[in-house]
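>>> Need a 3D model of the following:
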Amino acid sequence: MIHTIRVTSGQEKIIAEILIKKARAEKLDVYSIIHAENVKGYLFVEAVDENTIVKLIQKVKHIKGFLKKSIGVEEIANLVKADQQPSMIIEPGDTIEMSSGPFKGERAKVIKIDEAKDEITVELIEVAVPIPVTVKTKMVKLFQKAGQNSED
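Next up is the predicted model:
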């Protein structure tokens, strides 16, 4: 059965990690904890019964409660399903351009990609001393794929 837990908006990911640790430590029968990016203020927990949910959320900050009615897999499938494919695929060696932040307009070479954190580590090209900078993938746009010749 999948239960819906109400949480403080913006704290979903942190609370999900806390609940995972608590479920493992207390050996609770929790099968999965889902944080849907497009659903703010809610987590979905698959557990044996309602009592397990009560034990899980007890004394955890930022949890406002849970909905008594459980939901089916079909209902949650639409929320979890990806809306679209990623618009760009960035790989190490590619050249990107910063679209926001303190380095807006600067070009950089991709060194490392951390998909779990949605971050990339880049080295700015037009600076005296190349320093690795880690930024969110939303802050960059692909300028040139690795191996393509520049038309400058």
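>>> Could you list the domains of this protein?
Under automatic domain parsing, the residue ranges defining each domain of the chain are 2-80, 95-144.
>>> out of these, nearest to residue 89?
In terms of C-beta to C-beta, the element of the domains of the chain nearest to residue 89 is domain 95-144, at 8.3 Å. Bear in mind the C-beta positions are built from the backbone N, C-alpha and C, glycine included.
>>> List the strands paired with whichever strand in the chain runs longest, with their directions.
In the chain, assigned by DSSP state E, the strand with the most residues is strand 107-114. Strands flanking strand 107-114 in the sheet, each with its direction: strand 95-98 (antiparallel), strand 119-124 (antiparallel) (DSSP bridges).
>>> could those strands be laid out in a markdown table, adding mean pLDDT?
Shown next, in a markdown table, are those (pLDDT from 0 to 100):
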| stretch | mean pLDDT |
| --- | --- |
| strand 95-98 | 92 |
| strand 119-124 | 92 |
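>>> any chance of those strands in CSV, plus distance to residue 78 and mean neighbour count?
As requested, the strands paired with strand 107-114 are exported to CSV (distance: least, C-beta to C-beta, whole Å; neighbours: other C-beta atoms under 10 Å):
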stretch, distance to residue 78, mean neighbour count
strand 95-98, 33, 19
strand 119-124, 28, 19
